[in-house]
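need a structure here:
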Amino acid sequence: MENHSLLRTGAVDTEEVTPDLLSMRTLIANVLMVGQPKQGSWVLVDTGMAKFADAIADTAVQRFDRPPACIVLTHGHFDHVGTVKELADRWNVPVYAHGLELPYLTGKANYPPADPTVGGGLMARAAPAYPNEGINLGTRVHALPKDGSLPELPEWRWIHTPGHSPGHISLYRERDGALIAGDAFITVKQESALAVVTQSKELHGPPMYFTPDWEAAEQSVQKLAALKPQVAITGHGVSMAGAELQESLLCLAEHFKEMAVPKQGKYVEDRP
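The predicted structure is shown next:
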């Protein structure tokens, strides 16, 4: 699990975390390509920021020579669905998400507005400019199977990890302990523009400015820590593996209120 390689594809950073897991950064958010290069089908997890459809498609052609079998969304925030409609239409593939996330993906609901008062960094202060409106994928989007299985990914299962959003999911493969965490926890201080630019690796809870349910977020981190994953790819930041991951994740789970929950903010309830 320590043979990670960082590559540059034009102006886009990619990280081959395992031979069948490629993480690609679209400005501030990652997308994941899951599948063996040039071998059989593969799946795209999340679609990153807007304006990156061509870069994602070009990287996919280089790695696989074929479109994905489907797109799976960890959740529907703007920085994870920025190219989903364009890519789903281009490739003519279905999109899957948790049933509780579908109102935000079918134009029926908007997310709560971001809170610029938390985190103390430039990324947080700019949060009012981040879109919180839902999108409408129409008949392209489908609810994931309730049994935890993932279409086209027989070795993986999805885990409901709400808090950052109601239908947020993470993906886990027991065979090698690989975890795609989405924004349930991340490996960069997303509130800080400097940390985002340098990709300074440090385990954090979900982005503060877009997390409305901190009790659920804490329970989700505890759920993922109990898995003792061997490697984690998150929605923001580079991958983390081995003892560094397990010790950091256990610490976050045990001290979540002190380490992850902001001291004040519109979504923070009074705590003892």
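
Tally up the residues packed near the residue nearest to residue 112 when sequence neighbours are not counted, please.
Sequence neighbours aside, residue 212 is the residue nearest to residue 112 in space, at 4.7 Å (criterion: Cβ to Cβ, 6 or more residues apart in numbering). For the C-beta atoms, the positions are set from N, CA and C on the backbone; glycine is no exception. Residues contacting residue 212 under the criterion other Cβ atoms under 10 Å number 19.

now do residue 259
For residue 259, using other Cβ under 10 Å, the count is 15.

Next: residue 138.
11.

Could you check how far the residue nearest to residue 91 when sequence neighbours are not counted is from residue 32?
With Cβ to Cβ, 6+ apart as the criterion, residue 91 has its nearest non-adjacent residue at 3.8 Å, and that residue is residue 67. For residue 67, the distance to residue 32 (Cβ to Cβ, to the nearest Å) stands at 16 Å.

can you check residue 184 too?
For residue 184, the distance to residue 32 - Cβ to Cβ - is 14 Å.

which one of the two has more residues nearby?
Using other Cβ under 10 Å as the criterion, residue 184 and residue 32 rank with residue 184 on top: 30 against 23.

Is the more buried one in contact with residue 222, as I believe?
No: using Cβ atoms under 8 Å, residue 184 is not in contact with residue 222, being 10.4 Å away.

Please enumerate the helices of the stretch 151-272 of the chain.
Assigned by DSSP state H, counting those that start in this stretch, the helices in the stretch 151-272 of the chain fall at 193-198, 214-225, 242-254, 256-259.

Return the alpha-carbon coordinates of the second one using CSV.
Read it as helix 214-225. In CSV, the C-alpha atoms belonging to helix 214-225 read as follows (Å, rounded to 0.1, in the frame of the first residue of the first chain):
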residue,chain,number,x,y,z
TRP,A,214,-22.2,17.4,13.4
GLU,A,215,-23.7,14.6,15.5
ALA,A,216,-24.2,12.5,12.4
ALA,A,217,-20.7,13.4,11.1
GLU,A,218,-19.1,12.2,14.3
GLN,A,219,-21.0,8.9,14.1
SER,A,220,-19.9,8.5,10.5
VAL,A,221,-16.2,9.0,11.4
GLN,A,222,-16.5,6.5,14.2
LYS,A,223,-18.1,4.0,11.9
LEU,A,224,-15.2,4.3,9.4
ALA,A,225,-12.5,4.2,12.0
